[in-house]
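J.: Sharing a model prediction with you, sequence too.
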Amino acid sequence: MSKIKVIKAINYPIYIGKASFTRLNKYINSSEFKYTKFLILVDENVKQFCLPVLIKNADKLKFSEIIEIKSGEENKTIETCKLLWQKLIDLKADRKSVLINLGGGVISDMGGFVASTYMRGIKYINIPTTLLSQVDASIGGKVGVNQNKLKNQIGLFSNPEAVFINNVFLKTLPEKELLSGFAEIIKHALIADADYWKLIKKQPVDKVREWEDIILRSVEIKNEIIKNDPEEENLRKVLNFGHTFGHAFETFSLKFNYKFLSHGEAIAMGMICESYLSYKIAGLPESQLDEIVKYILSNFEYYKINKDNIEELFKFMIHDKKRENNNLNFTLISSIGKAVINQNCSNDLIKQCVDYYCSI
Ligand SMILES: NC(=O)c1ccc[n+]([C@@H]2O[C@H](COP(=O)([O-])OP(=O)(O)OC[C@H]3O[C@@H](n4cnc5c(N)ncnc54)[C@H](O)[C@@H]3O)[C@@H](O)[C@H]2O)c1
Ligand SMILES: [Zn+2]
């Protein structure tokens, strides 16, 4: 794919492709917007690896104010937001200023939240630089921060003015981060598009050289789902596939500390469990279950838990259950490419999924 692709989100465009810098320049120079100030939010890695690339390709931005925060999920807090709001005041940002979120999901989640609340909301745009933020976090309008380790507990729905996705940024992304985004790509294929599954299955993630078509298809899938359910009343739940077990794996690995799982790694293991559950109660053929498990394990390292851990893992899921009105709500797949929402199952079956997971 050489040309730029433009996807219409609810009320903003998403530009995908190497030529997205051209669109960015057009946007910056457009008389329609006449921003008084450009502010770019970065963390230290993005400042080092991505900011020079951006400025080189959009030279008007060299006059921007750069706001830097420390990288890491642990900094996605209201305390950091307070520093950012103050910084905006110090820099005399007004209602005609625009915040450019250059970075991964932490930057777009928190930058979007800060922009949407500063002076009752200033405009912001996203330039995602991780695979995860390119196919997931930078689109969909969910912005916010964590509160006392509760993920994304504080936030709102607020859309960017535009999103510019350029895979040139992926060149410097560490492999672990690339894998994290790839889990969401696998999820998109499994819940929505059997042909897309065939395409990504052709090669393991470390052999992918051309990301543009993959990113495009994933964004199309997520965007289509969101357009039909912007505030997660129903359909948007399909995006939760792999995440009920996945979050339990994620919390487990953080608590027991012997090997931290990234979000994507945890979701990959979660998709194994939830594919098994799909086989048990949603009609997923056994051959497809085997296909999914084999492909996931050819890309992601198996996260070993033993029988003693089953209870702990189970507790994390029950904890979630309490938070969701005593009802564990799963999104499953009835076949590759077809999701079914609002699936419930017994505790015993959940344990069977963990048993299955331990046995592979
Ligand atoms: N809003 C949503 O719909 C949504 C969806 C999925 C995830 N999220 C959120 O996204 C966050 C995770 O996103 P993430 O994985 O992008 O994390 P991240 O922003 O922490 O980025 C991961 C790491 O990569 C570094 N980095 C970023 N771009 C780089 C580049 N091009 N080269 C080298 N290093 C680079 C960052 O400094 C950071 O250390 C979580 O907070 C999650 O809750 C939000
Ligand atoms: Zn996820």
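T.: Here it is on my side, so go on. Ligands and ions are numbered 1, 2, ... in the order given.
J.: quick one: is stretch 42-49 near ligand 1?
T.: Yes: interface with ligand 1: stretch 42-49 contributes 43, 45-46, 49 (Cβ under 6 Å from any ligand atom). Heads up, the C-betas are built off the backbone N, CA and C, glycines and all.
J.: distance of residue 108 from ligand 1?
T.: Distance from residue 108 to ligand 1, counting by Cβ to the nearest ligand atom, to the nearest Å: 7 Å.
J.: Count the neighbours of that residue for me.
T.: By other Cβ atoms under 10 Å, the residues close to residue 108 number 29.
J.: now swap in residue 115 and tell me
T.: Around residue 115 there are 28 other residues, counting by other Cβ under 10 Å.
J.: For whichever residue of the stretch 251-360 of the chain sits closest to ligand 1, list the residues it contacts.
T.: Nearest residue of the stretch 251-360 of the chain to ligand 1, counting by Cβ to the nearest ligand atom: residue 263, 6.2 Å away. By Cβ atoms under 8 Å, 6 or more residues apart in numbering, the contact set of residue 263 is 132, 180, 183, 246, 250.
J.: I'd like to know which of those residues is nearest to ligand 1.
T.: Distances from ligand 1 to the contacts of residue 263, taken as Cβ to the nearest ligand atom, are shortest for residue 132 (3.9 Å).
J.: ok, and the closest non-adjacent residue to residue 184?
T.: With Cβ to Cβ, 6 or more residues apart in numbering as the criterion, residue 184 has its nearest non-adjacent residue at 4.7 Å, and that residue is residue 136.
J.: What separation do you get for that neighbour and residue 126?
T.: Going from residue 136 to residue 126 by Cβ to Cβ, to the nearest Å gives 12 Å.
J.: okay, the two: which has more neighbours?
T.: residue 126 (30 against 26).
J.: Run through the residues that contact that one.
T.: 101, 108, 111-112, 133, 138-139, 160, 162-164.
J.: again, 10 Å this time
T.: Each residue near residue 126 by Cβ atoms under 10 Å, 6 or more residues apart in numbering is listed here: 12, 14, 99-103, 105, 107-108, 111-112, 133-134, 137-139, 143, 159-165.
J.: Then residue 302?
T.: Contact analysis of residue 302 by Cβ under 10 Å, 6+ apart lists 268-269, 272, 293, 296, 357, 360.
J.: Please apply the same query to residue 200.
T.: Applying Cβ under 10 Å, 6+ apart to residue 200 gives the contacts 182, 185-186, 188-190, 193, 208, 214, 217-218, 295, 299.
J.: ranges for the helices of the protein?
T.: Here the chain has its helices, by DSSP state H, at 20-29, 44-49, 51-57, 78-90, 105-117, 131-132, 175-192, 194-201, 212-228, 243-256, 263-281, 286-299, 307-323, 347-359.
J.: just checking, what packs against the fifth one?
T.: Right, helix 105-117. Applying 3 or more Cβ pairs under 10 Å, 6 or more residues apart in numbering; DSSP states H and E, one finds that helix 105-117 contacts strand 37-43, strand 65-69, helix 78-90, strand 97-103, strand 123-128, strand 142-147, strand 150-157.
J.: Output the ones you listed in CSV; the columns should cover mean pLDDT.
T.: Output for the helices and strands packed on helix 105-117, formatted as CSV (pLDDT from 0 to 100):
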stretch, mean pLDDT
strand 37-43, 97
strand 65-69, 98
helix 78-90, 98
strand 97-103, 97
strand 123-128, 97
strand 142-147, 94
strand 150-157, 90
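J.: Mind putting the ones you listed into JSON lines with distance to residue 283?
T.: Output for the helices and strands packed on helix 105-117, formatted as JSON lines (distance: least, Cβ to Cβ, whole Å):
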{"stretch": "strand 37-43", "distance to residue 283": "44"}
{"stretch": "strand 65-69", "distance to residue 283": "46"}
{"stretch": "helix 78-90", "distance to residue 283": "44"}
{"stretch": "strand 97-103", "distance to residue 283": "41"}
{"stretch": "strand 123-128", "distance to residue 283": "36"}
{"stretch": "strand 142-147", "distance to residue 283": "31"}
{"stretch": "strand 150-157", "distance to residue 283": "31"}
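J.: ok, back up a step: which of the contacts of residue 302 are buried? Put it as a ChimeraX command.
T.: ChimeraX command restricting these to the buried ones, with burial defined by 16 or more other Cβ atoms under 10 Å:
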select :268,269,272,293,296,357
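J.: Among the contacts of residue 302, which pair sits farthest apart?
T.: Spatially, the most separated pair among the contacts of residue 302 is 268 and 360, at 12.9 Å (Cβ to Cβ).
J.: what residues are shared contacts of the two?
T.: Common contacts of residue 268 and residue 360 (Cβ under 10 Å, 6+ apart): 297, 302.
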